[in-house]
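Q: one predicted model, sequence on top.
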Amino acid sequence: FYFYSAPENFDEEMLRGKRVIVTGASSGIGEQMAYHLARMEAHLLLTARTEAKLQKVVERCLELGAASARYISGSMDSPSLPQQLLREAENTWGGLDMLILNHIGQSSFTYFSGDVEHVRKLMETNFVSYVALATAALPMLKESEGSIVVVSSIAGRIAGPFTAPYSATKFALEGFFSSLRQELIIDKVNVSITLCILGYINTESAVRAVSHVIPDTPAPKEECALEIIRAGALRHRQLHYPARAVGTMLLIHSIAPELFESIVRGSYRLENVRRT
Ligand SMILES: NC(=O)C1=CN([C@@H]2O[C@H](COP(=O)(O)OP(=O)(O)OC[C@H]3O[C@@H](n4cnc5c(N)ncnc54)[C@H](OP(=O)(O)O)[C@@H]3O)[C@@H](O)[C@H]2O)C=CC1
Ligand SMILES: CC(C)CCC[C@@H](C)[C@H]1CC[C@H]2[C@@H]3C(=O)C=C4C[C@@H](O)CC[C@]4(C)[C@H]3CC[C@]12C
């Protein structure tokens, strides 16, 4: 389960002075990752659409001890932003050590409405932009023997109802980055790729989207963010968080998929699913 040349133990010092890009850093797990990295004295380049929120996150990062912190705002459905971001890293740092791909476009937890245009756009935001960012970052990551961290979901491994477009984008990520990882190994390029398989996390947007349907208690975003950074720094190929819940779901699904799916459907408050 470990990428070659993986260090054994995590030490927060590993991130000190490292040059890190975090996408989707204005809220949720991305914001929490920025705060952890700031505490660890990393150099930060953050991105999301909302400038006012990014400004506040950058301020807080500087208070927490970031070696430096700046942001570029913009939408990842625009094809120019990935290049712009990596150019900024090159110009200000002359390199990059870690690329954390975390942003997602808005999607609602409901029956597939038939909106194909939404699927096209979500693919662009949640998947194609990840490919574009990784592609633009690879030359610098090769040079630094750095890391790519891809934040995905259990919904990118096992599809439940009400997440059809979102699940599709997350399944795509695993296909692309698992293939790319092997090409890097064949080419003896020491850039690690960590895929994060997350369960339900207590970010504002997730709780708002699903708490009326899913009665489970979500896991804490702060711990989740730290585990993602840890897995990336240790060059692990995969992270399950929360480990026990995600591990159990994957295991049961692999043994008895139909039974698993019916248990999931049975646990939802279906009468509360909004039909729009
Ligand atoms: N929370 C959960 O239960 C789970 C989350 N995950 C994964 O974790 C990651 C983070 O999720 P979470 O923290 O909950 O999400 P949030 O909704 O809290 O954060 C999403 C981030 O992406 C940004 N964003 C939204 N639209 C765009 C866009 N078009 N272009 C660029 N940035 C955009 C948002 O900022 P802004 O609006 O300012 O652009 C925000 O910073 C995602 O990859 C998600 O799939 C996986 C499993 C479960
Ligand atoms: C294998 C699964 C069928 C088991 C059920 C686990 C459920 C409870 C968990 C696992 C993954 C979770 C979703 C997720 O990954 C990300 C988002 C995006 C966010 O904007 C809105 C919430 C949403 C849809 C989460 C909703 C809750 C999900 C389905």
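A: Good, I have the coordinates. Ligands and ions are numbered 1, 2, ... in the order given.

Q: stretch 240-258 and ligand 2, are they touching?
A: Yes: in terms of CB under 6 Å from any ligand atom, part of stretch 240-258 sits within range of ligand 2, namely Met249. In short, each C-beta sits where N, CA and C put it, glycine included.

Q: name the residue of the protein that lies nearest to ligand 1.
A: Gly28 (2.2 Å; CB to the nearest ligand atom).

Q: isn't Ala155 up against Thr169?
A: No: applying CB atoms under 8 Å, one finds Ala155 not in contact with Thr169, separated by 9.6 Å.

Q: quick one: which of the two has more around it?
A: More crowded of Ala155 and Thr169, by other CB atoms under 10 Å: Thr169, with 25 against 21.

Q: and for the residue lying closest to that one once chain neighbours are set aside, the neighbour number?
A: Once flanking residues are discounted, Thr169 sits nearest to Asn126: 3.6 Å by CB to CB, 6 or more residues apart in numbering. If you count neighbours by other CB under 10 Å, Asn126 ends up with 25.

Q: do the same with Asp216
A: Asp216, neighbours per other CB under 10 Å, totals 11.

Q: need the nearest residue in space to it, chain neighbours excluded.
A: Leaving aside its chain neighbours, Asp216 sits nearest to Tyr200 (5.7 Å; criterion: CB to CB, 6+ apart).

Q: neighbours of the residue of the chain closest to ligand 1, how many?
A: 22.

Q: also the one 5 residues further on?
A: Residues lying near Met33 (other CB under 10 Å) number 29.

Q: packing partners for the helix or strand in which it is found?
A: Element membership of Met33 [criterion: DSSP states H and E] is helix 28-39. Where contact means 3 or more CB pairs under 8 Å, 6 or more residues apart in numbering; DSSP states H and E, helix 28-39 is packed against strand 19-23, strand 43-48, helix 51-64, helix 204-210, helix 221-233.

Q: where do the strands of the stretch 1-150 of the chain begin and end?
A: 19-23, 43-48, 68-73, 98-101, 147-153 (DSSP state E, counting those that start in this stretch).

Q: make TSV out of these and add mean pLDDT, mean neighbour count and distance to Thr135.
A: Shown next, in TSV, are the strands of the stretch 1-150 of the chain (pLDDT from 0 to 100; neighbours: other CB atoms under 10 Å; distance: least, CB to CB, whole Å):
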stretch	mean pLDDT	mean neighbour count	distance to Thr135
strand 19-23	98	27	14
strand 43-48	98	26	16
strand 68-73	98	19	18
strand 98-101	98	27	11
strand 147-153	98	25	11
